[in-house]
Each structure stands twice: as C-alpha cells, then as structure tokens.
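**Q** give me a 3D structure for the following:
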Amino acid sequence: MAIVRRKRAEVDLDTIDWTKLRQTTDAEIAVQIAQDGDTAFTDAELAQAQLVHPGDAAREVRGLRERLGLSQAEFARRFGFSVDTIRNYEQGHRQPTGPARVLLRVIAAEPEAVTRALAR
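**A** Numbers count the residues shown, from 1 in each chain. Next up, the predicted model:
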C-alpha cells in the first residue's frame with residue numbers, strides 16, 4: 001500500500017474509517033514503517049545516531065525577553081516574530097531552529113543593533 005502524506009488541515013476526519021484504523025495490528029504497523037523510507041533505519045544507522053539534548057529554549061527566550069523588559073507582544077513586534085511563536089517557544093511547545101535561533105542569539109548579544117537594523 002502506498003503511503004500518502006497529507007497535512008492535518010488536508011485530512012477530512014469524517015472520512016477516516018476509525019474501526020479499521022483501531023483494528024490495525026502492531027505487525028501491520030511495523031510493515032508500514034519498514035516501507036516508509038523516512039522512518040526505517042538500519043541497525044548501523046541507529047548505532048551511529050547521537051542523542052541530542054536541545055537547550056532549554058523556553059527558559060532562554062523568556063529570560064531574554066524579561067531581561068529586555070518587554071512583554072511577549074512587544075518582543076514579537078520589535079524583532080519580527082509572531083506573538084504565537086514567542087508564546088510557543090516560552091511554553092516549550094516549539095524549539096527555535098535555523099534562522100530564528102540565530103536571530104535570538106544576535107538579539108541576546110546586541111539587541112539595539114538588531115532594533116536599528118530592522119528599523120531601516
């Protein structure tokens with residue numbers, strides 16, 4: 001059976017056969033996982049994998065924002081984030097990655113330089 005990827009918003013939950021889904025066995029799930037190239041790892045790949053402990057973004061973002069004396073809305077507006085993003089970082093629902101993580105590091109080091117750069 002082909003695996004079809006869809007975003008949650010694209011899935012009509014009323015069309016799902018929940019009975020069939022609940023009857024899926026662990027063996028069937030294992031076969032589906034093995035067929036999915038994104039989730040199937042060889043023993044060698046698993047042996048080389050390293051456990052990564054991300055920093056405590058919630059505490060870091062909240063601490064940075066409080067050090068600057070800004071509310072979540074003020075911080076978001078000043079530095080170009082959405083309020084939801086800042087809230088999710090601070091509540092630990094999301095971790096900043098890539099450019100957002102870099103921007104937060106620059107803000108921590110030189111908040112006024114970032115403010116000046118974004119004001120142009």
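**Q** check the secondary structure at the residue nearest in space to the middle of the chain for me.
**A** Closest to where the C-alpha atoms of the chain average out (Cα atoms, centre = their mean) is Arg94, at 4.4 Å. When classified by DSSP: H, G, I helix; E, B strand; the rest coil, Arg94 comes out as coil.
**Q** gap between it and Glu60?
**A** 13 Å (Cβ to Cβ, to the nearest Å). Quick note: C-beta positions are derived from backbone N, CA and C, even for glycine.
**Q** and the helices in this protein?
**A** 18-22, 26-35, 43-48, 57-67, 72-79, 83-90, 98-109, 111-119 (DSSP state H).
**Q** I'd like those helices as CSV, with mean pLDDT appended.
**A** Converted to CSV, those look like this (pLDDT from 0 to 100):
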stretch, mean pLDDT
helix 18-22, 90
helix 26-35, 86
helix 43-48, 85
helix 57-67, 92
helix 72-79, 96
helix 83-90, 94
helix 98-109, 94
helix 111-119, 94
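**Q** could I get those helices in CSV, plus columns for mean neighbour count and distance to Val4?
**A** CSV is the format used below for those (neighbours: other Cβ atoms under 10 Å; distance: least, Cβ to Cβ, whole Å):
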stretch, mean neighbour count, distance to Val4
helix 18-22, 8, 14
helix 26-35, 11, 12
helix 43-48, 8, 25
helix 57-67, 16, 33
helix 72-79, 17, 36
helix 83-90, 18, 28
helix 98-109, 14, 28
helix 111-119, 12, 41
